[in-house]
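A.B. asks: Need coordinates for the below:
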Amino acid sequence: MKIRTGTNTTKIEMQMAPMIDVVFLLLIFFMLTLKIAEPEGDFDINMPIGAPAQSAVTDAELPPFKVRMEADPDTGELRQLSFNGIALGSGRGVFDVLNGEILKSVNALQAAGPGNLDRQEVEIDPDYGLRYENIISAISACSGRMVDGRMVRYISRIKFAPRREKP
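C.D. replies: Next up, the predicted model:
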């Protein structure tokens, strides 16, 4: 019986060129199959920095549409929603009513002049303890509506009133 010794082993080298080719092919494949999607919830929102300056002037010459949201102090649910001082009610259906009021105001702005709509702002004034889902619903109702699977924008300039303190 012959016993082999480990002195005659040949070294196996790895081929790097095919490995680099495969990496580049994968990179090209993923780059070509990438679908760029529009980010969800892309709102043009101006948040207040703190106490507003006394001489703060906005670039919009039109007075903003004011959306006031009052919260129930115990639960944080929406108690009353008003648009430009007109009470619209409460509940989940009130955001559809708000969307309709915004649409009426947008149509009146477009009838007054084509450039007015680009300068129009909505100012949302929520109570301190209001649940965030109500604020998001108000932003969605003010910004537009889905029609036949595509977004129809009403107003893209949305800002918040200075924060109300805890009662």
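A.B. asks: what about the strands in the protein?
C.D. replies: Under the criterion DSSP state E, strands of the chain are mapped to 44-46, 65-71, 78-83, 86-89, 121-126, 144-147, 150-153, 157-160.
A.B. asks: can you put these in CSV and add mean neighbour count, distance to Asp96 and mean pLDDT?
C.D. replies: For glycine as for every other residue, the C-beta is placed from the backbone atoms N, C-alpha and C. CSV is the format used below for the strands of the chain (neighbours: other C-beta atoms under 10 Å; distance: least, C-beta to C-beta, whole Å; pLDDT from 0 to 100):
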stretch, mean neighbour count, distance to Asp96, mean pLDDT
strand 44-46, 13, 21, 69
strand 65-71, 20, 14, 89
strand 78-83, 20, 11, 89
strand 86-89, 13, 10, 86
strand 121-126, 20, 16, 88
strand 144-147, 12, 9, 82
strand 150-153, 10, 15, 81
strand 157-160, 18, 18, 86
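A.B. asks: For Leu25, which of these is the nearest?
C.D. replies: Of all the strands of the chain, it is strand 150-153 that lies closest to Leu25, at 36.6 Å by C-beta to C-beta.
A.B. asks: partners of that closest one, with directions?
C.D. replies: Strand 150-153 sits in its sheet next to strand 144-147 (antiparallel), going by DSSP bridges.
A.B. asks: By mean pLDDT, flag the weakest helix or strand of the chain.
C.D. replies: Of all regular secondary-structure elements in the chain, judged by mean pLDDT, DSSP states H and E, the least confident is strand 44-46 with a mean of 69.
A.B. asks: contacting residues for Arg145?
C.D. replies: For Arg145, the contacting residues are 99, 103, 151-152, 154, by C-beta atoms under 8 Å, 6 or more residues apart in numbering.
A.B. asks: Could you identify the most distant pair in these?
C.D. replies: Based on C-beta to C-beta, the longest span within the contacts of Arg145 runs between Leu103 and Met151 and measures 13.7 Å.
A.B. asks: Ala161 against Asp127, yeah?
C.D. replies: No. Using C-beta atoms under 8 Å, Ala161 is not in contact with Asp127; the gap is 10.7 Å.
A.B. asks: how far does stretch 72-86 sit from the chain's center?
C.D. replies: 22 Å (C-alpha atoms, centre = their mean, to the nearest Å).
A.B. asks: now do stretch 108-125
C.D. replies: Chain-centre distance of stretch 108-125: 20 Å, with C-alpha atoms, centre = their mean.
A.B. asks: for stretch 140-156, same thing?
C.D. replies: Using C-alpha atoms, centre = their mean, the distance from the centre of stretch 140-156 to the centre of the chain it belongs to is 12 Å.
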